[in-house]
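In: sequence first, predicted coordinates after that:
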2 protein chains.
Amino acid sequence: MRVLGVDPGTVSMGYGLIEENGQQLRMLDCGVLSAPTRKPPPERLYELYLGLLDILADSQPQEIAIEEPFVAQNIRSALAIGRAQAVAMLAATNKGIPIYTYPPAKVKQMVTNYGGSSKGQVQHMVCLQLGLAQSSPPSDATDALAIALCHLRERQLATVLARGNRQP
Amino acid sequence: MRVLGVDPGTVSMGYGLIEENGQQLRMLDCGVLSAPTRKPPPERLYELYLGLLDILADSQPQEIAIEEPFVAQNIRSALAIGRAQAVAMLAATNKGIPIYTYPPAKVKQMVTNYGGSSKGQVQHMVCLQLGLAQSSPPSDATDALAIALCHLRERQLATVLARGNRQP
């Protein structure tokens, strides 16, 4: 199972690809797509959209996990988050890849066992669980890896629960 | 000059095409793209995106005007508006068409001379200015026509001002 996590932003968009093989998790790729802030917003969005389509074509994930906050600092930032989410959703749907969304607190809960963790704690736990040198990937990329990790943990949990329900 | 106005929504998206020929304004097409609410949000967005690409290919507007509110009822609706805006922006950028955005109060001001007009007043004035039978198009479509009208009025104003500045 290969999952791409996406942390959507209108200036930069983190992505992280994780492969699960039995109990083994391996980071295959991660990085940050960015679009120059001097360009008008529609062009930036389209650049991120094309960049994400390229990543999906190269990395061939079976599923995509996207961060989807239900809260925002203010209306302006909520509009921007909504735009960035749409870019990720359109790119995944264009490639026919199933999409799963998770709010930030759920991602933190699944990755660090505490929904109120700091960014640094999430980064630390992502690197630990994937065997990466601490603080090597940029934080938008580790955020995206955290979202992919969250989705894989959620899948594992669902599998365990399904097995439990099948027992007499 | 042919302008497409777009009133972006995540369930339905109004569009309206107006041609300006000298002082003459003519409505060429208008309607509402809609995506079934039973479908998941990403699929709905993608359906609206493809629908809008078709309309742009058929109607060949030179410019696009999109409504861009700066306020929303709450964070959840701001996220949805942001997603719908992104759909319109990506479709227009995909076709290389310049985008202009206007807040709702500006659209009302330009179309009815009053920024606090009701939906009904906007609809009435749009139909009057374009010679349409009252309330014939659905309200999302007249909203989109209002946005296109607003953009054309703004262009006319800019032309008049530029002429004035050139006079000795």
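Out: Received, thanks. Residues are numbered from 1 along each chain as shown, chains lettered A, B, ... in the order given.
In: helix or strand for residue A:79, which one?
Out: Residue A:79 is part of helix A:75-94 when elements are defined by DSSP states H and E.
In: buried residues in the following helix or strand past that helix?
Out: Once the chain leaves helix A:75-94, the next helix or strand it forms, by DSSP H and E, is strand A:99-102. Neighbour-count burial for strand A:99-102 flags A:99-102 (criterion: 16 or more other Cβ atoms under 10 Å in any protein chain shown). Where you see a C-beta, it was placed from the backbone N, CA and C, and this is true even at glycine.
In: stretch A:50-63 too?
Out: Using 16+ other Cβ under 10 Å as the test for burial, stretch A:50-63 gives A:50-53, A:55-56, A:61, A:63.
In: so can I have JSON lines of those residues showing distance to chain B and secondary structure?
Out: Listed next are the buried residues of stretch A:50-63 as JSON lines, based on distance: Cβ to the nearest Cβ, whole Å; DSSP: H, G, I helix; E, B strand; the rest coil:
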{"residue": "A:50", "distance to chain B": "9", "secondary structure": "helix"}
{"residue": "A:51", "distance to chain B": "13", "secondary structure": "helix"}
{"residue": "A:52", "distance to chain B": "11", "secondary structure": "helix"}
{"residue": "A:53", "distance to chain B": "11", "secondary structure": "helix"}
{"residue": "A:55", "distance to chain B": "17", "secondary structure": "helix"}
{"residue": "A:56", "distance to chain B": "13", "secondary structure": "helix"}
{"residue": "A:61", "distance to chain B": "15", "secondary structure": "coil"}
{"residue": "A:63", "distance to chain B": "13", "secondary structure": "strand"}
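In: format the buried residues of strand A:99-102 as TSV; extra columns: distance to residue A:109.
Out: Below are the buried residues of strand A:99-102 laid out as TSV (distance: Cβ to Cβ, whole Å):
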residue	distance to residue A:109
A:99	20
A:100	15
A:101	15
A:102	10
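In: which one is whichever residue of chain A sits closest to chain B nearest to, not counting chain neighbours?
Out: Residue nearest to chain B within chain A (Cβ to the nearest Cβ): residue A:82, separated by 2.2 Å. Nearest non-adjacent residue to residue A:82, counting by Cβ to Cβ, 6 or more residues apart in numbering or on different chains: residue B:82, 2.2 Å away.
In: surely the one you found and residue A:76 touch.
Out: No. Using Cβ atoms under 8 Å, residue B:82 is not in contact with residue A:76; the gap is 9.6 Å.
In: residue boundaries of the strands in chain A?
Out: Secondary structure of chain A (DSSP state E): strands located at A:2-7, A:12-21, A:24-34, A:63-67, A:99-102.
In: which helices and strands does the shortest one pack with?
Out: Going back to what we said before, that points to strand A:99-102. Where contact means 3 or more Cβ pairs under 8 Å, 6 or more residues apart in numbering or on different chains; DSSP states H and E, strand A:99-102 is packed against strand A:63-67, helix A:75-94, helix A:139-166.
In: how about a cut-off of 6 Å?
Out: Packing partners of strand A:99-102 (3 or more Cβ pairs under 6 Å, 6 or more residues apart in numbering or on different chains; DSSP states H and E): strand A:63-67.
In: give me the angle between the strand it packs on and strand A:12-21.
Out: For strand A:63-67 against strand A:12-21, the angle by axes from the mean of the first three to the mean of the last three Cα atoms, to 10 degrees is 140 degrees.
In: can you list the strands that strand A:63-67 pairs with?
Out: Applying DSSP bridges to the sheet, strand A:63-67 is found paired with strand A:2-7 (parallel), strand A:99-102 (parallel).
In: need the contact partners of that strand.
Out: A:3-7, A:88, A:92, A:97-101, A:147-148, A:151 (Cβ atoms under 6 Å, 6 or more residues apart in numbering or on different chains).
In: likewise for stretch A:38-57?
Out: By Cβ under 6 Å, 6+ apart, the residues outside stretch A:38-57 that reach it are A:13, A:15, A:33, A:35, A:87, A:91, A:95, B:86, B:89-90, B:93, B:99.
In: mind checking how far it is from the chain centre?
Out: Centroid separation for stretch A:38-57 versus its chain: 17 Å, with Cα atoms, centre = their mean, to the nearest Å.
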